[in-house]
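In: sequence first, then the predicted structure, then my questions.
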Amino acid sequence: MKWRICAALLLLAACREAETPEAAVRRVLGELEAAAEARDVGAMKPHLSESYRDSQGNDRRAVLGLATAHFMRNRSIYLLTRVSELEIADAGASAVVLVALAGTPIHDPSALLGVRADLYRFDVRLRDEDGQWRVTSAEWQPASPADFQ
């Protein structure tokens, strides 16, 4: 009986469709969001490439340090994110991610008017590194509530 259950599970796993690159990138962005809300730098690490570099001169270690400092200054972190653009190419992926960052829950964009939140636009680059999509760079700038509509 046990071998039948194992065989059925193997068959189901084999029939399951492989995750598309777009779905994989969206999953990684979602996992980064969850790690930030949990204030868990350790959970962010596997999603950042060892070769991470941005135009501000930050490498992977510096970005993780910035996240750690933010988590230490803020007891509660709530995010509302929107992936407004996502493009997959041979060399990797690029995404525009809008992020509202607050100390209280943000349930939807309409709540941004009644909540004190920092709003950002992140231009993120990712690359498939041995089957794992990782962030290789990110640029950020202020966003407005209208960007989230």
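Out: In hand now; what should we look at?

In: in stretch 117-128, which residues are buried?
Out: Buried residues in stretch 117-128, counted by 16 or more other C-beta atoms under 10 Å: Ala117, Leu119, Tyr120, Arg121, Phe122, Val124, Arg125, Leu126. C-beta coordinates here come from the backbone N, C-alpha and C atoms, glycine included.

In: and for stretch 105-115?
Out: Ile106, Pro109, Ala111, Leu112.

In: now what about that stretch, what contacts it?
Out: Tyr78, Leu79, Leu80, Arg82, Ala100, Ala102, Thr104, Ala117, Leu119, Pro145, Phe148, Gln149 (C-beta atoms under 8 Å, 6 or more residues apart in numbering).

In: can you rerun that using 7 Å?
Out: Tyr78, Leu80, Ala100, Ala102, Thr104, Ala117, Pro145, Phe148, Gln149 (C-beta atoms under 7 Å, 6 or more residues apart in numbering).

In: re the thing from before, let me know the closest of the buried residues of stretch 117-128 to Glu139.
Out: Phe122 (7.2 Å; C-beta to C-beta).

In: pretty sure that closest one contacts Ser137?
Out: No - Phe122 lies out of contact with Ser137 (C-beta atoms under 7 Å); the separation is 10.3 Å.

In: what residue ranges in this structure are flagged as low confidence?
Out: Along the chain, the parts satisfying pLDDT under 70 run over 1-17.

In: which parts of it are strands?
Out: 78-89, 92-102, 117-129, 132-142 (DSSP state E).

In: list of residues touching the third one?
Out: By that I understand strand 117-129. 25, 28, 49, 92-102, 106, 133-145, 147.

In: tell me the two of the contacts of stretch 105-115 that are most distant?
Out: Thr104 and Gln149 (20.3 Å).

In: how many neighbours does the residue nearest to Leu32 when sequence neighbours are not counted have?
Out: Excluding the flanking residues, the one nearest Leu32 by C-beta to C-beta, 6 or more residues apart in numbering is His47, at 5.4 Å. Close neighbours of His47, defined as other C-beta atoms under 10 Å, add up to 18.

In: I figured His47 hits Arg134, correct?
Out: Yes - the criterion here is C-beta under 7 Å, and His47 meets it with Arg134 at 5.9 Å.
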